[in-house]
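Peer 1: missing the sequence, but the structure's below:
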């Protein structure tokens, strides 16, 4: 029995008064009909954005062979005559929108000639031609909502064409496209055999889409409507959370959704594993792949409760099989992930939910939204933000014209309707996947990484289906390796304060060198005495907890004494860069309320003279009358340790404070370096703040802190190698202004002063290199301790490499405090 006989039989059944009373029957006459629930939603969306093309449904094919263009034109006319929905006009007016079927509409093919395939510029020209037509909006009041364009590739007569079909989703869905190309092929064949090129008219179906829309509106009313909504309410529960995926950019409040996608195929061995689990559980790949998608979304969002949309063809009735129209219905799956639940248990639950959903396939999603009272939000789709679409064929809408071969052109419409969607096509040849995403929210590289995570999650699920969901990670092998390198947790006792560390070292090794600057060297005992006297003098001037003292000093012994003296007095310091303009320094002093500034003698003239602000030259301050014992201070871990100034987004300097706890916690990370007495530190970066932190780190290990003169400009690895050695150069540590840790490590070990021997490298304010060990393959280089320091709140020890790691790829920054 052919399709025409089917239509005739269906017409007889519909006229039979003994048939199913709930069957869909033809309307009386050609009166306007209501829109279906599905159509009404799209009508409102198009009315809201009349220039939008997000709901354009497209199909483009390469045609090769003897194409009879008049026969193709006749075939399209026959198809439009057969399917009333293509002759339908949508009217708004007052009240509810209506659809009106017109007896006849003209459909014309737009013709074009494009450069021949293989010639320069041919593919860009084809792409531009396609995109211009794909993104052209429809006027729903002017049928047909179908555009056909045919381009011949090359001027000479030949068999190379491109056929483009663009339809509005309000009149078709994916199933409809398959019906349309089937009818088009039949009508084309009829036209080829008819000398008049008109062909035999295709018989009209017993029903049209407007009959379905009218039935749907009458069917879902009253008690039946209430029962259908109640069943979904019982399943979904209240307050379905919004899926909050981590985005690369802020969300567009207007709901604009530029789209992109990432295509991939599952490896054959993984497909076999999926099929094996399906056989064990008596389910289809739909269930296993949906489970993996839900688990991935949960991992990415950190949520265990959200929803996923799943389209359903909603054509269970025989009378709907051969109709064009927007029948597809989206069903909502509430996701509740329990880490104790096994993979098998999740699959079984989803199988049960899928079976229950099939029984409710014709309950319109739009009816559910109204029944639940979901408020519309342009920035989020209602109820769910991620879609999972599963198909059992790769291309159900292949076109087969007599004497012509057709090849589908993969088109990117540049639009999307959801944050993140997965489309799966599974058949005997394998499983192809496409992740479609909102390109306004996510970078392509982000979604590409998530694609890899999906494969990892799926593989781990099917390899051990009895494991709990909480044990299934999503990191790839490379990411897991980086994560392992990034483990910076260290077991240590309660973090001591900076000053207790220096005092402890002064008692343990009083004569050990603590500070070196040129020819000047201070032992731990001398450092402790001098800073204690300075602290007593500061306390006498009212310096105590949370009192801020300015420091204007270049890299020097005086700078270190000032920092530690202020700390011992319980105060906090504020670095003042003498290279900054006076008005900027004055603004900083005024904003922070400084009353006292310690400065090197030769820098005092560079500072603004302000009423109520005392400037003391550190070198000339007579401290002989003060005690060698530090003042007793009652400070709190959350108290102010120091401030830094930053321009931020306004360009106006403002002060940001950091606590004792944060600074002291930073000290715990230096134990990763394993520094000890006599140890030295190769370092990049400069500045008062950074020197203070590194000085503290040396005190923790009993090593020495070399100080050298500032460099006049930025320096690369070659500059380090050829840097003149002077009497002030430390033997195995390097302090260079504006030299990042990447540059430092790019220089080989022999380039360091004294020919090498540095046990560690430290840098601040710069990104780590991709290959931290290049040039430093000696195991004596114990660690790389670097990070972006905007105060200790963002200190990040990077990596303690094993010898074999030094010759491998880079490392990732961690968060440690």
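Peer 2: Structure received. If you're wondering where the values come from, they're calculated on a predicted model, not measured in any experiment. Residues are numbered from 1 along each chain as shown.

Peer 1: Can you pull the domain assignment for this protein?
Peer 2: 3-215, 225-246+255-396+412-468, 498-807 (automatic domain parsing).

Peer 1: What segments of the stretch 201-350 of the chain are helices?
Peer 2: Assigned by DSSP state H, counting those that start in this stretch, the helices in the stretch 201-350 of the chain fall at 209-219, 222-236, 268-281, 285-301, 343-359.

Peer 1: most tightly surrounded among the ones you listed?
Peer 2: helix 285-301 (a mean of 23; mean count of other CB atoms under 10 Å). C-beta coordinates here come from the backbone N, C-alpha and C atoms, glycine included.

Peer 1: quick check, distance from that helix to the centre of its chain.
Peer 2: Relative to the chain's own centre, helix 285-301 is displaced by 17 Å; criterion: CA atoms, centre = their mean, to the nearest Å.

Peer 1: relative to helix 343-359, how tilted is that helix?
Peer 2: Taking axes from the mean of the first three to the mean of the last three CA atoms, to 10 degrees, one finds helix 285-301 and helix 343-359 inclined to each other by 110 degrees.

Peer 1: From the contact counts, what lies against helix 285-301?
Peer 2: Using 3 or more CB pairs under 8 Å, 6 or more residues apart in numbering; DSSP states H and E, the elements in contact with helix 285-301 are helix 268-281, strand 305-312, strand 329-336, helix 343-359, strand 386-391, strand 420-427, helix 444-463.

Peer 1: Output the contacting helices and strands for the next helix or strand after the fifth one.
Peer 2: Of the helices and strands lying after strand 386-391 in sequence (DSSP states H and E), the nearest is strand 404-408. Using 3+ CB pairs under 8 Å, 6+ apart as the contact criterion, the secondary-structure elements in contact with strand 404-408 are strand 56-65.

Peer 1: Let me see the mean pLDDT of the strand it packs on.
Peer 2: The average pLDDT for strand 56-65 rounds to 95.

Peer 1: List the buried residues for that strand?
Peer 2: 56-63 (16 or more other CB atoms under 10 Å).

Peer 1: biggest separation within those residues, which pair?
Peer 2: 56 and 63 (21.2 Å; CB to CB).

Peer 1: which regions of this structure sit below the pLDDT cut-off?
Peer 2: Counting by pLDDT under 70, the chain has low-confidence residues at 1-21, 93, 156-158, 197-199, 394-397, 488-498, 647-651, 665-817.

Peer 1: Report the outermost residue of it with respect to its centre.
Peer 2: residue 625 (62.5 Å; CA atoms, centre = their mean).

Peer 1: That residue: helix or strand, and which one exactly?
Peer 2: Residue 625 belongs to no helix or strand, assigned by DSSP H and E.

Peer 1: Let me see the contact set for it.
Peer 2: Applying CB atoms under 8 Å, 6 or more residues apart in numbering, we find residue 625 in contact with no residue.

Peer 1: so how far is residue 619 from it?
Peer 2: For residue 625, the distance to residue 619 equals 17 Å [CB to CB, to the nearest Å].

Peer 1: and if you look at residue 203?
Peer 2: 106 Å.

Peer 1: Residue 38 is in contact with residue 326, isn't it?
Peer 2: Yes: at 5.0 Å, residue 38 counts as touching residue 326 under the criterion of CB atoms under 8 Å.

Peer 1: more neighbours, these two?
Peer 2: In this view residue 38 and residue 326 are compared by other CB atoms under 10 Å, and residue 326 has more residues nearby, 27 against 23.

Peer 1: And stretch 139-154, what's buried?
Peer 2: 140, 143-154.

Peer 1: Show me the residues you listed that map onto strands.
Peer 2: 146-153 (DSSP state E).

Peer 1: Redo these as a markdown table? Include distance to residue 111.
Peer 2: As requested, those are exported to a markdown table (distance: CB to CB, whole Å):
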| residue | distance to residue 111 |
| --- | --- |
| 146 | 16 |
| 147 | 13 |
| 148 | 10 |
| 149 | 8 |
| 150 | 6 |
| 151 | 8 |
| 152 | 8 |
| 153 | 12 |
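
Peer 1: which one among those gets closest to residue 441?
Peer 2: Looking across those and measuring by CB to CB, the closest to residue 441 is residue 147, at 30.2 Å.

Peer 1: Now do the same contact list for that closest one.
Peer 2: 110, 133, 136, 164-167.

Peer 1: Out of these, who's the most crowded?
Peer 2: Of those, with other CB under 10 Å as the count, residue 167 tops at 25 neighbours.

Peer 1: wait, it sits on residue 148?
Peer 2: No: counting by CB under 8 Å, residue 167 stays clear of residue 148, with 9.6 Å between them.

Peer 1: Name the residues contacting each of these two.
Peer 2: Common neighbours of residue 167 and residue 148 are not found (criterion: CB under 8 Å, 6+ apart).

Peer 1: Relative to residue 589, which of the helices and strands packed on helix 285-301 is closest?
Peer 2: Across the helices and strands packed on helix 285-301, residue 589 has its closest neighbour in helix 444-463 (44.6 Å, CB to CB).

Peer 1: For that closest one, enumerate the helices and strands it packs against.
Peer 2: By 3+ CB pairs under 8 Å, 6+ apart, helix 444-463 packs against strand 259-265, helix 268-281, helix 285-301, strand 420-427, strand 430-438.

Peer 1: what about it, distance to the chain center?
Peer 2: Put simply, helix 444-463 sits 14 Å off its chain's centre (CA atoms, centre = their mean).

Peer 1: just the angle between it and helix 343-359, please?
Peer 2: Using the same axes, to 10 degrees: helix 444-463 against helix 343-359 is 110 degrees.

Peer 1: Hey, what's the angle from the helix or strand just after helix 444-463 to helix 444-463? Just curious.
Peer 2: Moving toward the C-terminus from helix 444-463, the next helix or strand (DSSP H and E) is helix 477-485. Per the same axes, to 10 degrees, the angle that helix 477-485 makes with helix 444-463 is 90 degrees.
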